[in-house]
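Colleague: Model the structure of this input:
(2 chains)
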Amino acid sequence: MAADVEQTDWSALVFRVRDHQDRAAFAALFRHFAPRVKAFLMKSGASEALAEECAQDVMATLWQKARLFDAERASVATWVFTIARNRRIDALRKSRRPEPEDLPWGPEPEPDQAEVFEAQQETERLGVALAQLPLKQRVLIERAYFGDLSHSEIAAETGLPLGTIKSRIRLALDRLRQQMDVKATEK
Amino acid sequence: MTIKHHLSDELLMAYAAAELPEAFNLVIASHLSICDECRARSMAFDALGGAVIEDSTCEMSAGSLEACLSRIEMLPQAVVPERRHSDAVLPAPVLDYVGGGLSSVKWRSLGMGVRQSILRIGDKGASARLLYIPAGAAMPDHGHRGMELTLVLQGAFRDEADRFARGDIEIADSSVEHTPVAEAGEACICLAATQGSLKFNALLPRLAQPFFRI
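Modeller: Purely as a prediction, here's the structure:
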């Protein structure tokens, strides 16, 4: 993911959906995020048909709840992840997941551009840091999010002791943190 | 208020991935409602989820976008949910489960002034309850075979090693043997989630299995 790839301002597209029901903006969001949500759900154990169905649901929710998107707090990718996670809870009959209380401030109609940029940058930096992890560590982090297997099931499948899996995940998180700190101070 | 005992990365990541039993999710959501530090860490774990989602892609079915757009046309106008707030003792997620504040809690006496109220949890992976321990009284003896999360909502308790006050979370596994005692002064109210309420039942199919195999 080279820096010369032109960055799309995804939150601006969400605002166009929110303010103008802009179908072209939605189509661009759909082309990027729908296949990613579908891949995420399939890796979480959904069949292709269920994943397709749910990915469409997730994108429809993005349209419907565009007003609730808080661009100062989360990138569009992060927001889409949270919608996909909630859809997966229903689709795969996962345990109910209560949310914390609402923060005292809500989404601003005119969010601060610097904050919006920062939220998107953070996701992109995390993506780069994730890609740079040793493969063994990255796979464990991703599997944790796909939720396809519990730690003990991963242990049974790979023959790795549970302690090794836990310490690899810990190492991966430490490394991600270091990367994020380095990049944040470089700015 | 300074919170000293926080959630582990492991729990925050599992909460982000929605991989925990409901009772644990409830305790975590309650802690996040009163701990800004863990709330920020929890948001970072959501951002990591965003990065994971960005990482892999696949093909959508033909006509997927059009199907989605017609689905959107059928959708009702989204209702903006009312903002949920905590009260002085119960965090918003607990208020939801209790259906009101402290005065709505249906306590049952466990003797010696100790009371508990078991919350209605949909899945059987773990159970959740509110505990009321009078100032100076000991927590009821509760052996647990799995993990237990305890969040202090009012007052404080101490065990041999530590002190836990409002907002603090105690993460104990089955190896932890201790006798927490509520501090003098104010009754201690906690939210506790305990894993493995089904352990006993789960034993039955395992015992039956060899017979069915024959």
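
Colleague: Okay, now the unreliable bits of chain B?
Modeller: For chain B, applying pLDDT under 70 flags the ranges B:1, B:141-145, B:176-177, B:196-214.

Colleague: what's the single longest helix in it?
Modeller: Secondary structure of chain B per DSSP state H: the longest helix is helix B:36-55.

Colleague: and it, what other elements does it pack with?
Modeller: Other elements packing on helix B:36-55 under the criterion 3 or more Cβ pairs under 8 Å, 6 or more residues apart in numbering or on different chains; DSSP states H and E are helix A:23-43, helix A:76-91, helix A:113-131, helix A:135-146, helix B:9-16, helix B:22-34. Glycine gets a C-beta too; all of them are placed from N, C-alpha and C.

Colleague: In CSV: those helices, plus distance to A:Asp102 and mean neighbour count.
Modeller: CSV is the format used below for those (distance: least, Cβ to Cβ, whole Å; neighbours: other Cβ atoms under 10 Å in any protein chain shown):
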stretch, distance to A:Asp102, mean neighbour count
helix A:23-43, 24, 21
helix A:76-91, 14, 22
helix A:113-131, 18, 18
helix A:135-146, 24, 19
helix B:9-16, 17, 21
helix B:22-34, 9, 26
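
Colleague: In a markdown table: those helices, plus distance to B:Ala165.
Modeller: As requested, the helices and strands packed on helix B:36-55 are arranged in a markdown table below (distance: least, Cβ to Cβ, whole Å):
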| stretch | distance to B:Ala165 |
| --- | --- |
| helix A:23-43 | 40 |
| helix A:76-91 | 31 |
| helix A:113-131 | 32 |
| helix A:135-146 | 31 |
| helix B:9-16 | 20 |
| helix B:22-34 | 11 |
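
Colleague: what number of residues lie near the nearest residue to A:Glu142 once chain neighbours are set aside?
Modeller: The shortest distance from A:Glu142 to any residue other than its chain neighbours is 5.4 Å, reached at B:Val52 (Cβ to Cβ, 6 or more residues apart in numbering or on different chains). The burial count assigned to B:Val52 is 26, neighbours taken as other Cβ atoms under 10 Å in any protein chain shown.

Colleague: OK, contacts around the nearest residue to B:Phe45 once chain neighbours are set aside?
Modeller: Excluding its sequence neighbours, the residue lying closest to B:Phe45 (Cβ to Cβ, 6+ apart) is B:Ala16, at 3.8 Å. B:Ala16 sits next to A:85, A:145, B:42, B:45-46, B:48-49 when contact means Cβ atoms under 8 Å, 6 or more residues apart in numbering or on different chains.

Colleague: about what we covered before: the residue nearest to A:Glu142: what's it in contact with?
Modeller: The neighbourhood of B:Val52, defined by Cβ under 8 Å, 6+ apart, consists of A:40, A:81, A:130, A:141-142, A:145-146.

Colleague: Roughly how far does it sit from B:Ala16?
Modeller: Computed as Cβ to Cβ, to the nearest Å, the B:Val52 to B:Ala16 distance reads 10 Å.

Colleague: same thing with A:Glu157?
Modeller: Looking at A:Glu157 against B:Ala16, where the rule is Cβ to Cβ, the gap reads 22 Å.

Colleague: Please apply the same query to A:Phe30.
Modeller: Plainly put, A:Phe30 is 24 Å away from B:Ala16 if you go by Cβ to Cβ.

Colleague: contacting residues for the residue positioned nearest the centre of chain B?
Modeller: The centre of chain B sits closest to B:Val27, judged by Cα atoms, centre = their mean, with a distance of 2.3 Å. Residues counted as contacts of B:Val27 (Cβ under 8 Å, 6+ apart) are B:128, B:149-151, B:169, B:191-193.

Colleague: show me what contacts residue 123?
Modeller: By default, I'm working from chain A. Contact criterion Cβ under 8 Å, 6+ apart gives A:75, A:77-78, B:47, B:50-51, B:54 as the residues in contact with A:Thr123.

Colleague: Can you look at chain B instead?
Modeller: For B:Asp123, the residues meeting the contact criterion (Cβ under 8 Å, 6+ apart) are A:95-96, B:21-22.

Colleague: Any regions of chain A where pLDDT drops low?
Modeller: Scanning chain A for pLDDT under 70 picks out the ranges A:1-6, A:148-151, A:183-187.

Colleague: hey, C-alpha coordinates of the longest helix of chain B in CSV?
Modeller: C-alpha atoms of helix B:36-55 as CSV (Å, rounded to 0.1, in the frame of the first residue of the first chain):
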residue,chain,number,x,y,z
ASP,B,36,-12.4,7.0,29.6
GLU,B,37,-9.0,5.3,29.4
CYS,B,38,-10.5,1.9,28.5
ARG,B,39,-13.1,3.5,26.3
ALA,B,40,-10.2,5.0,24.2
ARG,B,41,-8.4,1.7,24.1
SER,B,42,-11.7,0.0,23.1
MET,B,43,-12.0,2.5,20.2
ALA,B,44,-8.5,1.6,19.1
PHE,B,45,-9.5,-2.1,19.0
ASP,B,46,-12.5,-1.1,16.8
ALA,B,47,-10.0,0.8,14.5
LEU,B,48,-8.0,-2.4,14.3
GLY,B,49,-11.1,-4.1,13.2
GLY,B,50,-11.5,-1.5,10.5
ALA,B,51,-7.9,-2.2,9.4
VAL,B,52,-8.7,-6.0,9.3
ILE,B,53,-11.8,-5.4,7.2
GLU,B,54,-9.8,-3.3,4.7
ASP,B,55,-7.3,-6.1,4.3
